[in-house]
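S.K.: Quick one, structure for this:
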Amino acid sequence: MYSLQVNRTSPDKVYTTIRNVDGDSITAGLCARYIGGFDAEAVSTDGISAIKLDNDSMWQYFAGVAITDIASDEYGIVQSWGYSENVSMSAEANKTAGTGVAAETYLKKGAIAGTLFSVGKTPQALSTQFYRYVQLWDTVNMSGGIPQATCWIRAF
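M.R.: Sure, this is the predicted structure:
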C-alpha cells in the first residue's frame, strides 16, 4: 500500500496492488474485491488475488477501484482511499443520481460486475459492509453506456 506525497493542490489518495484472477480484464474505473472467506475461494486466498465486485454482499472484501486496466492473471493498482473522478457507473434508464438524497450517494454493485449503481445503503446501514463504500460526490446522468462519476472511495 502506498500514498501520494501530501501537498496543498491535490487530495490524498491511497493505492494498493492486486492480482487479477477474474479470468477477464478489470478495466480502469471498475471496482475489485479480494477473494476469500468462502469455501469455494479458500484455495486461492492469499491477500492479493482479486476479482471484479460481483455481489452486493461482498463489500467487506472491497479492495478499491482500478486506476488502469489490469489484464487477467496480472498485477495492477487499485485506489483504496480518496477522491476519484473515474469510477464506472452502471447504466440505468433515464436516471440521474447524486441529487442530494443521502441514500442515492452511497452506491451498490451495478448490473455489470465491477460497476456501481445508485440507491445504495443509508448512512446508518454502512456497518453491514464494514464501512467500505464508494460515495457519489457529484450529479451524474447514468442513462446509456457506462458513465464515469466523481466519488469518494473508502476500502479500508
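S.K.: what secondary structure does W59 sit in?
M.R.: Using DSSP: H, G, I helix; E, B strand; the rest coil, the three-state assignment for W59 comes out as helix.
S.K.: who are the neighbours in contact with it?
M.R.: With contacts defined as Cβ atoms under 8 Å, 6 or more residues apart in numbering, W59 is in contact with R33, L53, T128, Q129, F130, R132, Y133. Glycine gets a C-beta too; all of them are placed from N, C-alpha and C.
S.K.: do that again at 10 Å, thanks
M.R.: Applying Cβ atoms under 10 Å, 6 or more residues apart in numbering, one finds that W59 lies in contact with 31, 33, 53, 108-109, 120-121, 126, 128-134, 155.
S.K.: the longest strand in this protein is where?
M.R.: Within the chain, and with DSSP state E defining each element, the longest strand by residue count is strand 75-88.
S.K.: For that one, buried residues please.
M.R.: G76, V78, Q79, S80, W81, G82, S84, V87, S88 (16 or more other Cβ atoms under 10 Å).
S.K.: Figure out how far it is from the centre of its chain.
M.R.: What separates the centre of strand 75-88 from the centre of its chain is 7 Å, taken as Cα atoms, centre = their mean, to the nearest Å.
S.K.: quick one: strands adjacent to it?
M.R.: For strand 75-88, the paired strands and their directions (DSSP bridges) read strand 13-20 (antiparallel), strand 62-66 (antiparallel), strand 148-154 (antiparallel).
S.K.: Not counting its own residues, what contacts the last one?
M.R.: Residues from elsewhere that reach strand 148-154, judged by Cβ under 10 Å, 6+ apart: 11, 13-14, 28-29, 31, 62, 64-65, 78-89, 97-98, 105, 107, 116, 118, 126, 131-142.
S.K.: Just the buried ones out of these, please.
M.R.: With neighbours counted by 16+ other Cβ under 10 Å, these contain buried members at 13-14, 28-29, 31, 62, 64-65, 78-82, 84, 87-89, 97-98, 105, 107, 116, 118, 126, 132-137, 140, 142.
S.K.: hey, where'd the helices end up in this structure?
M.R.: Taking DSSP state H, the helices of the chain run over residues 102-105.
S.K.: Provide a list of residues in contact with the residue nearest the centre of it.
M.R.: The geometric centre of the chain, computed from its C-alpha atoms, lies nearest to C31 (Cα atoms, centre = their mean), at 3.2 Å. Residues counted as contacts of C31 (Cβ under 10 Å, 6+ apart) are 50, 52-54, 58-59, 62-66, 78, 87-88, 107, 109-110, 113-116, 134, 153, 155.
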